[in-house]
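J.: Quick check, what structure comes out for this input:
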Amino acid sequence: MASRKYEKLKKQKDIAISDIKNETAKLEVVSGEAKRVAEVSRDVSIILGDLDKQFEQATKLTRTDIYFLMVASALQVTKSLVFPYIAEKFHYGESFDKSERLAHDDKSIEQAHKDANDEFKEKHKKHKKGRWIEILYQTPAYDITKGSKDLGINMGGAYHRMYTLGHDPILGWVFGTMNILTDVITFNNFQSYRVTRKPMRITQEYVPIYRMFQESYDLVKADYLNLPAAIFAQAQHLKSDEYTKIGLPIPILSSINEEFASELYRSNYDALCLARDLKVIGVSFAVSKIFDIIISLVHGLFREVDEDKNLYEVRTRKILLYSNSIASASTIVNACITSNPKNLDIGSLLNTVTHLFTDIRFIQQIKQEFLEKEFYNIVMGEEIL
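T.: Numbering: from 1, shown residues only. Presented below is the predicted three-dimensional model:
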């Protein structure tokens, strides 16, 4: 009996000692982990510095990448240097020749305008007669110039289109349409005044924009055909002015910088010239982007199976960013050396700007993810990948 009791006590003692050893071991592990985390916390800046170097090393351009950079740069630089010769064939940056344009009162323009109005009227002949017919045939309010001097506004005679928002190729669709509806003229400083028809002149009655909106809304509610007629009249008026010797002013510019807009307009550079140049710039931008896509796709074929996709993508982005930056620098130098701003490949510059925003942001995002992941592994005591 005493022997069994002794053995039982001995077993309990051994268990207690074992538990104490286990707890001690756990405490040592926890203590070791706490000490290691404390050391990590103390050396955060050093560790992050090392991880930063690891990222730079992992995304450093390899010999193969350098070859791709050379090819990409050659393509983009060649394209930028050839650009002036191609653009010249499309009269890029040139003013229009007045001899190739029609007079503002050319009979063919007036007849085409009248025929279009007649067709609109015939199409809606079953609708009751009303304000919409006047809207079609009357002179738009923004084509009236008499009385402007009384307001201290010089509309520039033949160049009055630059000073009225109704003639603006973009803003005109809003303000010109409202002007037609309400018999109000809106100048490029966004000040609006009422016009009269008998006699035809601009009055000194100031009309706030909100009131012009309200009057337009009331007229649209009064007859559903008023708005379509006003939009049609606006479209026909812009169309009739577009190919005349004066043309239409560059959109919005006169409201931002009237002096510069006037200088361009009087040198026969109008909205059509701008549209032509924007097409040239757009094609240039598209060609640069196509080169980027080709380089990106081909470079992607050289990625090894075990290479991290994101880190490899960073190297691809660097190739595109560097090559476009080199091309932009070359076109800037070319324009400076030749003292000819038309030699500046704006499409290439725009493509470089997009890379500066998208590629740098992407690289920083991948870098942040890399640092967070590897720092977490260190804190958790795992091996750095």
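J.: helix or strand right after the strand or helix carrying I180?
T.: Secondary structure assignment for I180, by DSSP states H and E: helix 172-182. Beyond helix 172-182 in the direction of the C-terminus, DSSP H and E gives the next helix or strand as strand 184-186.
J.: Which neighbouring elements make contact with the helix or strand that that next one is followed by?
T.: Proceeding C-terminally, strand 184-186 gives way to strand 192-197 as the next helix or strand, assigned by DSSP H and E. Applying 3 or more CB pairs under 8 Å, 6 or more residues apart in numbering; DSSP states H and E, one finds that strand 192-197 makes contact with strand 184-186, strand 200-206. For glycine as for every other residue, the C-beta is placed from the backbone atoms N, C-alpha and C.
J.: May I have the strands that pair with the shortest one, each with its orientation?
T.: Pointing back at strand 184-186 there. strand 192-197 (antiparallel) (DSSP bridges).
J.: What lies in contact with the partner strand?
T.: Outside of strand 192-197, the residues within contact range by CB atoms under 8 Å, 6 or more residues apart in numbering are 138, 141, 144, 147, 151, 179, 183-187, 201-209, 212.
J.: Throw together a ChimeraX command that grabs the buried residues out of those.
T.: In ChimeraX, a selection of the buried entries from these looks like this (16 or more other CB atoms under 10 Å):
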select :141,144,147,151,179,183,184,185,186,187,202,203,207,212
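J.: contact partners of the helix holding I180?
T.: With CB under 8 Å, 6+ apart, helix 172-182 has contacts from 135, 140-142, 165-168, 184-186, 192, 207, 212-213, 215-216, 219-220, 226-227, 230-231, 233-234, 237-238.
J.: now S262: how far from N179?
T.: Applying CB to CB, to the nearest Å, one obtains 21 Å for the distance of S262 from N179.
J.: and K114, what element?
T.: Per DSSP H and E: K114 is located in helix 107-123.
J.: pLDDT below threshold where in the protein?
T.: Within the chain, the stretches with pLDDT under 70 are 1-52, 371, 374-385.
J.: care to break it down by domain?
T.: As assigned by automatic domain parsing, the chain contains the domains 56-89+274-379, 102-267.
J.: Can I get the ones you listed in TSV including distance to S95?
T.: Listed next are the domains of the chain as TSV, based on distance: least, CB to CB, whole Å:
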stretch	distance to S95
domain 56-89+274-379	11
domain 102-267	6
